[in-house]
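Asks: With the input below, show me the fold.
(one chain, ligands or ions: 1)
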Amino acid sequence: MTVRKPAILVLEDGRTFHGEAYGSVGETFGEAVFNTGMTGYQETLTDPSYHRQVVVQTAPHIGNTGVNDDDDESGRIWVAGYVVRDPARVSSNWRARGGLADRLAAEGVVGISGIDTRALTRHLRERGAMRVGISSVDDDPQALLSRVRQAPEMVGADLSAEVSTAQPYVVEAEGEHRYTVAALDLGIKRNVPRRLAARGVTTHVLPAGSTIEDLLATGADAVFFSPGPGDPATADGPTELAREVLRRRVPLFGICFGSQILGRALGFGTYKLGYGHRGINQPVLDRATGKVEVTSHNHGFAVAWPGREQQPGAVRVPGAQPGAVVPDQVVETDFGGVQVSHVCLNDNVVEGLRARDVPAFTVQYHPEAAAGPHDADYLFDRFAELIEGGKNA
Ligand SMILES: NC(=O)CC[C@H](N)C(=O)O
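Replies: Now for the predicted structure:
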């Protein structure tokens, strides 16, 4: 029988929740963010973009299908802490190799259960993402609060080097080889090379500190900038690298953090959203086709579009989020005209950029989403078409 151990969760504004230790017993700090996905907790936990974040799951029952050998998005759990309401007592799935609580404990991930995660989420939605501490070793909220306030903030956090691969590796194309892509690993998820491989792409995954020579030495037909944790405003090295790729007109695709970096390379700023987008049912408009896709998101920052006085989503009170539509405007940059290709229909946040004069595009969300939805999978076809165009140019 498991012994129940009390635990506390304290937000940096002092709000305190009481629950029970879940996973590892101990103390942890990070940025409190909520994820509204009803499924895919194993992919969430192992997504490197959650490094230094304490993830709150709004779905009340977590762990039902246990953990399996197939669904990890990287080699380990990255979340700094885990907050759930009602952990499953039994794992039930034909692929399950064990229980979630045991996996969390084995990897030293401090969590808390028995939390009213909806109340906590509403608080974060109104006040914004903020630092948090969880402790099952000190039951004094005041003492924990002072440690929470000493923990590092997400703004200004430069985390790519902490999650990137130490050594380059190759993911081979499935079937006939068509293209070679050099992927800069800023916190890549396994499903990106997999979706590329399905299009005949061999992906060379390279460490975050790679140079343009390293990228091109792979024989790459195109370059990919991966998702990843941290504040894009700190990623000066990758931004300069992206500018070099653009100068050479090598086809370039960026997802999430990669999108923000490409945005910076094109001359745009980035800003922090109030509470971010994390979940798997975010509606996004593809402005090229007029189609709405239901998509997976995990971002706390976004590209700032010039001329919009107040960036959407930066407002912390949901009712006050401005409803202005992104103008169908072409902004002239060092690399020619750039347009917003995708926009989030919940709050008009820029969700994609398309360069008109250089072969580059980005999305802020996750076409590689596992466990889905797969509406945005076509973006990998667009990438393949861009590469094909580049080969024929
Ligand atoms: N998934 C990602 O690539 C996240 C990008 C960035 N760290 C953000 O929070 O916005």
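
Asks: how many neighbours does the closest residue to Ala96 other than its chain neighbours have?
Replies: With sequence-adjacent residues excluded and distances taken as C-beta to C-beta, 6 or more residues apart in numbering, Ala96 is closest to Gly66, at 3.3 Å. Heads up, the C-betas are built off the backbone N, CA and C, glycines and all. A count of nearby residues for Gly66, using other C-beta atoms under 10 Å, gives 20.

Asks: try the one 4 residues further on
Replies: If you count neighbours by other C-beta under 10 Å, Asp70 ends up with 10.

Asks: which element is it on?
Replies: Using DSSP states H and E, Asp70 sits in no helix or strand.

Asks: what pairs with the longest strand belonging to the chain, and is each one parallel or antiparallel?
Replies: For the chain, the longest strand by residue count, based on DSSP state E, is strand 269-286. With DSSP bridges as the test, strand 269-286 is paired with strand 291-304 (antiparallel), strand 336-344 (antiparallel).

Asks: Now find how far off-centre it is within its chain.
Replies: 10 Å (C-alpha atoms, centre = their mean, to the nearest Å).

Asks: I'd like the mean pLDDT over the lengthiest helix in the chain, please.
Replies: Longest helix in the chain by number of residues (criterion: DSSP state H): helix 378-392. For helix 378-392, mean pLDDT is 92.

Asks: May I have that helix exported as CSV, CA atoms only?
Replies: Extracted C-alpha coordinates of helix 378-392, given in CSV (Å, rounded to 0.1, in the frame of the first residue of the first chain):
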residue,chain,number,x,y,z
TYR,A,378,0.0,18.9,-44.5
LEU,A,379,2.7,21.4,-43.4
PHE,A,380,5.3,18.7,-43.9
ASP,A,381,4.1,18.3,-47.5
ARG,A,382,4.4,22.1,-47.9
PHE,A,383,8.0,21.7,-46.7
ALA,A,384,8.7,18.9,-49.2
GLU,A,385,7.2,21.1,-51.9
LEU,A,386,9.4,24.0,-50.9
ILE,A,387,12.5,21.7,-50.9
GLU,A,388,11.5,20.4,-54.4
GLY,A,389,11.1,24.0,-55.6
GLY,A,390,14.5,24.8,-54.2
LYS,A,391,16.1,21.9,-56.0
ASN,A,392,14.6,23.0,-59.3
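
Asks: residues of that helix that come out buried?
Replies: Leu379, Phe380, Arg382, Phe383, Ala384, Leu386, Ile387, Gly390 (16 or more other C-beta atoms under 10 Å).

Asks: need the contact list for the nearest residue to the third one once chain neighbours are set aside.
Replies: The spatially closest residue to Arg382, leaving aside those adjacent along the chain, is Phe361, at 7.0 Å (C-beta to C-beta, 6+ apart). When the contact criterion is C-beta atoms under 8 Å, 6 or more residues apart in numbering, the partners of Phe361 are Leu252, Phe253, Gly254, Ser341, Gly352, Leu353, Arg354, Ala355, Arg382, Phe383, Leu386.

Asks: if you set the cut-off to 10 Å instead, what comes out?
Replies: Shown in contact with Phe361 (C-beta atoms under 10 Å, 6 or more residues apart in numbering): 251-254, 259, 262, 338-339, 341-342, 352-355, 379, 382-383, 386.

Asks: Provide the secondary structure category for the nearest residue to Leu379 once chain neighbours are set aside.
Replies: Once flanking residues are discounted, Leu379 sits nearest to Pro367: 4.1 Å by C-beta to C-beta, 6+ apart. Of the three states, Pro367 takes coil under DSSP: H, G, I helix; E, B strand; the rest coil.
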